[in-house]
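K.L.:
heads up, no residue letters with this:
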């Protein structure tokens, strides 16, 4: 069964907008687990505009499901934070400083040596490593060459095309990339702009998907449906 990891960055963004502790990010992490989430995802950035480093430390104390920390290992202090927290998984994302949101995967070919050097640092601490890639079989193969445990497919392109009624066309490169990952023995994650409209179609075509990480759309849906009901709706789409 594909696991749902709830990204709570948007909760932290809302909290930070008032400079207080409402909503309480830690309580929301606890509640997400209580409502059925299989994991919690955070993506701390150097400017701490949403999840703060101290949030990550506090979540570690209460986590009862899987903990996934996303980020660019080239960012100062990121590697130290991940090794300190020792989450179940680290997802390496090639964001630039100040980037609004993730918008591309690694070029695993030109960055092969760098990734081969950094990935074992996490693996030696018993942290599973996932590498964020575009739906390109060459990049997936490159991901395998880096020694990563999993790849995470960047799904924004799929979501955009699906919304235009081009589901079959949209899924094609992702299915090819997923099949390549399966052939190479890589675990498979996916994330970015997956929602209640496009998630089931994606999962039905890539049944061996290990995990999806969803934040923005899920939190938006929760404003209308409620947090608990929304998590259950997403879980149903993955069943």
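P.N.:
Arrived safely. This structure is a prediction, so every number in the text was calculated from the model and none was measured.
K.L.:
only C-alpha atoms for contact and neighbour calcs from this point on.
P.N.:
Fine.
K.L.:
how long is stretch 119-135 from one end to the other?
P.N.:
21 Å (CA to CA, to the nearest Å).
K.L.:
tell me the mean pLDDT over that stretch?
P.N.:
Stretch 119-135 comes out with an average pLDDT of 98.
K.L.:
mind checking how far that stretch is from the chain centre?
P.N.:
13 Å (CA atoms, centre = their mean, to the nearest Å).
K.L.:
again with stretch 57-67
P.N.:
Distance, centroid of stretch 57-67 to centroid of chain: 16 Å (CA atoms, centre = their mean).
K.L.:
For it, measure first residue to last.
P.N.:
OK, stretch 57-67 end separation, CA to CA: 11 Å.
K.L.:
swap in stretch 85-104?
P.N.:
End-to-end distance for stretch 85-104: 26 Å, by CA to CA.
K.L.:
Can you give me the distance of residue 147 to residue 185?
P.N.:
11 Å.
K.L.:
which residues are in contact with stretch 29-41?
P.N.:
When contacts are defined by CA atoms under 8 Å, 6 or more residues apart in numbering, stretch 29-41 is touched by residues 3-8, 59, 62-70, 213, 227-228, 231-232, 235.
K.L.:
Select only the buried ones of these in PyMOL?
P.N.:
Buried residues within those, by 16 or more other CA atoms under 10 Å, are selected in PyMOL with:
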select buried, resi 3+4+5+6+7+8+59+63+65+66+67+68+69+70+213+227+228+231+235
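K.L.:
Remind me which helix or strand the residue positioned nearest the centre of the chain belongs to.
P.N.:
For the chain, residue 213 is the residue whose C-alpha lies nearest the centre (CA atoms, centre = their mean; 4.1 Å). Assigned by DSSP states H and E, residue 213 belongs to strand 211-214.
K.L.:
Check residue 41 too.
P.N.:
Assigned by DSSP H and E, residue 41 falls in strand 39-42.
K.L.:
In terms of secondary structure, what does the lengthiest helix in the chain contact?
P.N.:
If you go by DSSP state H, the chain has its longest helix at helix 167-183. Counting contacts by 3 or more CA pairs under 8 Å, 6 or more residues apart in numbering; DSSP states H and E, helix 167-183 packs against helix 137-146, helix 156-163, strand 187-191, helix 199-205.
K.L.:
Now with 10 Å, please.
P.N.:
On a contact count with 3 or more CA pairs under 10 Å, 6 or more residues apart in numbering; DSSP states H and E, helix 167-183 meets helix 137-146, strand 150-154, helix 156-163, strand 187-191, helix 199-205.
K.L.:
What residues of stretch 177-189 count as buried?
P.N.:
Residues of stretch 177-189 classed as buried: 177, 178, 179, 180, 181, 186, 187, 188, 189 (neighbour count, 16+ other CA under 10 Å).
K.L.:
My read is that the first one contacts residue 155, right?
P.N.:
Okay, so that is residue 177. No - between residue 177 and residue 155 there is no contact under CA atoms under 10 Å: 11.6 Å.
K.L.:
Alright, that wraps it up for me.
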